[in-house]
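Visitor: After the sequence you'll find the predicted model.
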Amino acid sequence: MKLYDWLLRVYPASFRNEYGGEMRPLFGRRLQGAKGAAVVGLWLSTVAEVFVNAAAVHFDLFKQDASYTVRGLRRSPAFAITAILILTLGIGATTAAFSVTDFVLIRPLPFREPDRLVMLLETTPGYVGMELSAPNYRDWKGAATSFESLSIYTTSAATMTGGTEPRRLNGATSSAELLVTLGVAPTIGRSFTADDEREGAARVVLLSYRLWQTEFGGDADIVGRTLVFDDAPVTVVGVMPREFHFPRSDVLFWRPARFTARDYQESERTNNRFYGIGRLKPGVTVERAQTEMSLIAAQSERQHPRENKDTGAFVYPLRDEVSQRSRLLLLALTGAAGCVLLIACANLANLLLARALGRRRELAVRTAIGAGRERLVRQLMTESLLLAVVGGALGIAVAVAAVPLLAQLVPADLPISATPTVDLRVLAVAAALSVATGIVFGMAPVLRAGGSPDLDGLREGARAGGGRKESLRSTLVVIEIAASVALLVSTGLLIRALLTVQEVDPGFRPDGVLMLQTELPLPAYRRVVTREAFYTRVIGEATALPGVTSAAFISFMPMSSFRGGMWPVSVKGDSDEASGIRSANNVAAIRYVTPGFFRTLGIPLKRGRDIGPGDSRDRPFAAVVSESFVNRYFPGQDPIGRHFTFAYAEREIVGVAANVKFRGLERTSEPQVYLSSQQVGDGEITFYVPKSLGIRTSGDPAALAPAVRDIIRRADPRLPITDVQTLPDLVERETASRSVQVRVLAAFAAVAFVLAAVGIHGLLSFTVSQRTTEIGVRIALGAQRRDILSMVLLRGVMLSLAGVVPGVLLAYAAGRSMEALLAGVHPADALTLTSAVGLSVLMTIVGTVAPTLRALRVDPIAALRTE
Amino acid sequence: MDEIAKEAAGLLPLPPATFHILLALADEDRHGYAIIQEVAARTGGELTLSAGTLYRSIQRMLEQGLLVETRDRPAPEDDDERRRYYRITALGTAVAKAEARRLTQLVKMARAAGFAPGKA
């Protein structure tokens, strides 16, 4: 029978109390009647019966409570709407932020056993994480024992022709083993084989799922088809799975790297071209692999003391490819969402507490007419759970809608899709969050309301709300203020950082300049004369367009996709004279230009002259250098006419240009050297052949685009035209991720601010309404309205101060931890702190005004009559 | 159609346990155990309600107004302090009749289709 009693506990207490006494003897009688095996049968059927019936009884109760709740909420729609809104915002913001963070930082990479994947790079003086050279890769791979497989890749691009218009595609070139290392196989077709790597092998390509779908409509017979990449035929051997993105989300094809004896020459040891990626053997740690590779690199340095001077190895988990900044940003986002959730929860708790207080009489009456405590608790829980479920469902809807907006926060240079998705785990967390919110904040008022048979409620009249409850609610408001101050300050700091970065002088005047990128494919444009004819024709026709003042070509525009190109500089007598060996201190960025480049981009020429049409092959090799170049190599001297060795030739400085932020607004750029497009051998240094066209106009640069496209198409219809954009857009993109960050954080801060304001206003209104009688009495006894005004206002100001102090401390801590995002703005930036604190105090005062005015209008007679 | 009939129609179809309990209470007020015995007797031992099913049904039927607890007790020698007696209400009777009509219709249809013995 004990077991039966225990089984009865499955029923709700109210049902058990009502019928348990009769059910026991009924069961007892039946048990007595049963013999032998029938006893077991009876128990089994009883257990099943109890669970089925108990579930039904629970459900009946729930239906009752739910309909009671719905009726109750209909009577106070303001409460219901506010509560649901608060939950929606809180859960929506948290879920959206967590989805993106989870997608980028937490979710395992879409490869087989991703934890075993590591990056392998070289370290050279001044660069941690330099690409590997082909000879070093070959030697290191031969010596290493930590890896199950080791491969290399690099990003590349190709122009695909044969369609309606030439298309420039981003892709990757890799060793054949790459897909083995990653543990991914093509969806259709085959992987690369070692044969594909051999010199003279047929050229093959693997397509991305996206390219297959968009360019070829998912053609099932794509394998074996021949495409034209950079004027040469390539055979499609397969299509990669939809979720395969490597090394970046914008890569559309993969080609095997092909090595020849030339790639392994000693001189190639400083040609750092490839990223290494390896799969560790089972049980090998990243640290062990690092130790081994360091030893191998040291040995390699002894064998090649010149080329591998100060060259080490660097091994780190593939997972860490997410840059420190992206990581910080996502953590800041999660922190902001946490603040919003905290504020939302505090608000909700306050709301439910006030409601429970307002319902004390109702609860007391229900207790008096026989509702057990359990029934009341259950009723209140049902109410808050119902609110939480509705709010949670809406919140999840908000999150699903918001996640695509937050997609801009996902860095493009990661091996994951560019659009995050809300997955089941995140949804589960969100649902758990809603339910937990419901239970916790449903319980809080219950514990206070139902803690003891609350008959006081009947006697107490309108003067509900004692000191302890008041102080709990004040604490909640203080938490809200603190969290919103922290958010306001963080947002303010990021806004300041954005402004700081936007004020950085790029070194050129972007307004009125249109740029575009083309390709001058080899071998057609191998010869300098061929290229010069193209430049002369295009620039001539472009400058003839109305409004155009100048036009010029350069290897790569500042701040465009390629920002590197560091070559060693040798100056006779310089302490770091390097004779072709690169160190941190002797490099400069190489750029070839056509005449008029400085005028076109509005880069001030500080001394000397521009590269001119006369700087031809048979003339001394001329160079325009940046001021930073002069400061490094010829400090305090007249640089004009001085010589240095750079890019296999001796150069003479003919002019000095202002520094340009080639690497972007937020990074230090190396010294720059501009060379004449004519002064290079046929087929030499072709990577830096000028292919970027800039055109300055007095009108709207964007309007020029069609005419310029026509000009290039007439000059050579096979050339792809890409990256058509105005320079202001290019520069703006530098701060685009910051703008997005600021906008997202500002949205969170605004939500938090509004929530906190609602909370404060609600609390003060409630307090004032609770004190109506007291205020009436005071006025009746002759208190001045001014005294009452200052009494209520003082309370508001005290509350806001109590919240501001911890808020500022929290904000400072947050600011310190995201210093890397602040572009030099101090975490305790006075202007930001003052504005945030001022805003919070203002919010409190505004929130106090309405209740205060209401307090002042209290008619003493009416206030007393309510007693 | 009067109020009671309308309300009764809203409760159809009845769960089998509810219908049996109504039938058991048709002629006299009974307590829980007696209801179980009566149902078992009427069905020839085919249906023995479990305690849980019985009281869950009773709770719901009380809420729906099909039953009331009665204060009239039988002669003291037959009574047991712990026992509560239940009486069918007017609504309960109406619902039982309505359910019986519904079942009769069903049987008629089954006959017409040749699924049940008797005249078509």
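Guide: Cool, got the structure. Small disclaimer: the values here were computed from a predicted structure and weren't measured.
Visitor: switch to C-alpha atoms for all contacts and neighbour counts from now on
Guide: Noted.
Visitor: so where does residue A:316 fall, helix or strand?
Guide: In this structure, residue A:316 sits in strand A:312-317 according to DSSP states H and E.
Visitor: what about the helix or strand following that strand, average pLDDT?
Guide: Using DSSP H and E, the next helix or strand after strand A:312-317 towards the C-terminus is helix A:324-358. What helix A:324-358 shows for mean pLDDT is 78.
Visitor: what's helix A:324-358 packed up against?
Guide: Secondary-structure packing of helix A:324-358 (3 or more CA pairs under 8 Å, 6 or more residues apart in numbering or on different chains; DSSP states H and E): helix A:77-101, helix A:424-449, helix A:467-502, helix A:736-770.
Visitor: Report the central residue of chain B.
Guide: residue B:22 (1.6 Å; CA atoms, centre = their mean).
Visitor: quick one: it and residue B:88 touch, right?
Guide: Yes - judged on CA atoms under 8 Å, residue B:22 makes contact with residue B:88 at a distance of 6.7 Å.
Visitor: Starting from the biggest strand by length in chain A, tell me which strands it pairs with and how they run.
Guide: Longest strand in chain A by number of residues, with DSSP state E as the criterion: strand A:147-161. Here strand A:147-161 is paired, per DSSP bridges, with strand A:167-174 (antiparallel), strand A:226-229 (antiparallel), strand A:275-280 (antiparallel).
Visitor: Go ahead and measure how far the one helix or strand residue B:104 maps to is from the middle of the chain.
Guide: Remark: residue B:104 resides in helix B:90-112, with elements defined by DSSP H and E. Relative to the centre of its chain, helix B:90-112 is centred 13 Å away, using CA atoms, centre = their mean, to the nearest Å.
Visitor: Just the CA trace of it, in CSV.
Guide: Output of helix B:90-112 as CSV, limited to C-alpha atoms (Å, rounded to 0.1, in the frame of the first residue of the first chain):
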residue,chain,number,x,y,z
ALA,B,90,-31.0,16.7,-14.5
LEU,B,91,-28.3,17.7,-16.9
GLY,B,92,-26.6,14.3,-16.3
THR,B,93,-29.9,12.5,-17.2
ALA,B,94,-30.2,14.7,-20.3
VAL,B,95,-26.7,13.9,-21.4
ALA,B,96,-27.1,10.2,-20.9
LYS,B,97,-30.3,10.2,-23.0
ALA,B,98,-28.7,12.3,-25.7
GLU,B,99,-25.7,9.9,-25.8
ALA,B,100,-28.1,6.9,-26.0
ARG,B,101,-29.9,8.5,-28.9
ARG,B,102,-26.6,9.2,-30.6
LEU,B,103,-25.5,5.5,-30.2
THR,B,104,-28.9,4.3,-31.4
GLN,B,105,-28.5,6.4,-34.6
LEU,B,106,-25.1,4.9,-35.1
VAL,B,107,-26.4,1.3,-34.7
LYS,B,108,-29.1,2.1,-37.2
MET,B,109,-26.6,3.2,-39.7
ALA,B,110,-24.4,0.2,-39.0
ARG,B,111,-27.5,-2.0,-39.6
ALA,B,112,-28.2,-0.3,-42.9
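Visitor: What lies in contact with that helix?
Guide: The contact list for helix B:90-112 (CA atoms under 8 Å, 6 or more residues apart in numbering or on different chains) reads B:4-5, B:7-9, B:11-14, B:19, B:22-23, B:26, B:65-67, B:116-120.
Visitor: cool, stretch A:822-838 as well?
Guide: Stretch A:822-838 has contacts (CA under 8 Å, 6+ apart) with A:485, A:488-489, A:492-494, A:496-497, A:500-501, A:666, A:804, A:808, A:812, A:815-816, A:819.
Visitor: Quick one: buried ones out of these?
Guide: Among the contacts of stretch A:822-838, those classed as buried by neighbour count (16 or more other CA atoms under 10 Å in any protein chain shown) are A:485, A:488-489, A:492-494, A:496-497, A:501, A:804, A:808, A:812, A:815, A:819.
Visitor: quick one: the helices in chain B?
Guide: B:3-10, B:16-24, B:32-42, B:51-64, B:90-112 (DSSP state H).
Visitor: Now the second one: buried residues?
Guide: It refers to helix B:16-24. In helix B:16-24, counting by 16+ other CA under 10 Å, buried: B:17-24.
Visitor: what's the closest of those to chain A?
Guide: residue B:17 (12.2 Å; CA to the nearest CA).
Visitor: Report the contact partners of the closest one.
Guide: Residue B:17 neighbours (CA under 8 Å, 6+ apart): B:49, B:53-54, B:57.
Visitor: count of residues packed around the closest residue to chain A within chain B?
Guide: Residue nearest to chain A within chain B: residue B:51 (5.5 Å; CA to the nearest CA). For residue B:51, the neighbour count with other CA atoms under 10 Å in any protein chain shown is 25.
Visitor: same check, this time on residue A:748
Guide: 26.
Visitor: just residue A:607 next, same as before
Guide: 17.
Visitor: Can you report phi and psi for it?
Guide: Main-chain dihedrals, residue A:607, degrees, to the nearest 10: phi -150, psi 160.
Visitor: Can you dump the C-alpha atoms of the worst-scoring helix or strand of chain B on mean pLDDT in CSV for me?
Guide: When the helices and strands of chain B are scored by mean pLDDT, DSSP states H and E, helix B:3-10 comes last with a mean of 82. In CSV, the C-alpha atoms belonging to helix B:3-10 read as follows (Å, rounded to 0.1, in the frame of the first residue of the first chain):
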residue,chain,number,x,y,z
GLU,B,3,-31.1,25.2,-22.3
ILE,B,4,-30.3,21.8,-20.8
ALA,B,5,-30.6,20.0,-24.1
LYS,B,6,-28.3,22.4,-25.7
GLU,B,7,-25.7,22.1,-23.0
ALA,B,8,-26.1,18.3,-23.1
ALA,B,9,-25.5,18.3,-26.9
GLY,B,10,-22.3,20.2,-26.3
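Visitor: Okay, buried residues for whichever helix or strand residue A:833 is part of please.
Guide: Element membership of residue A:833, judged by DSSP H and E, is helix A:830-856. Across helix A:830-856, burial judged by 16+ other CA under 10 Å covers A:832-833, A:836-837, A:840-841, A:843-849, A:851-852, A:855-856.
Visitor: mind checking how far the residue nearest to residue A:114 when sequence neighbours are not counted is from chain B?
Guide: Ranked by CA to CA, 6 or more residues apart in numbering or on different chains and with sequence neighbours excluded, the top spatial neighbour of residue A:114 is residue A:108, at 6.7 Å. For residue A:108, the distance to chain B equals 50 Å [CA to the nearest CA, to the nearest Å].
Visitor: so who does residue A:15 touch?
Guide: When contacts are counted by CA under 8 Å, 6+ apart, residue A:15 is found next to residue A:57.
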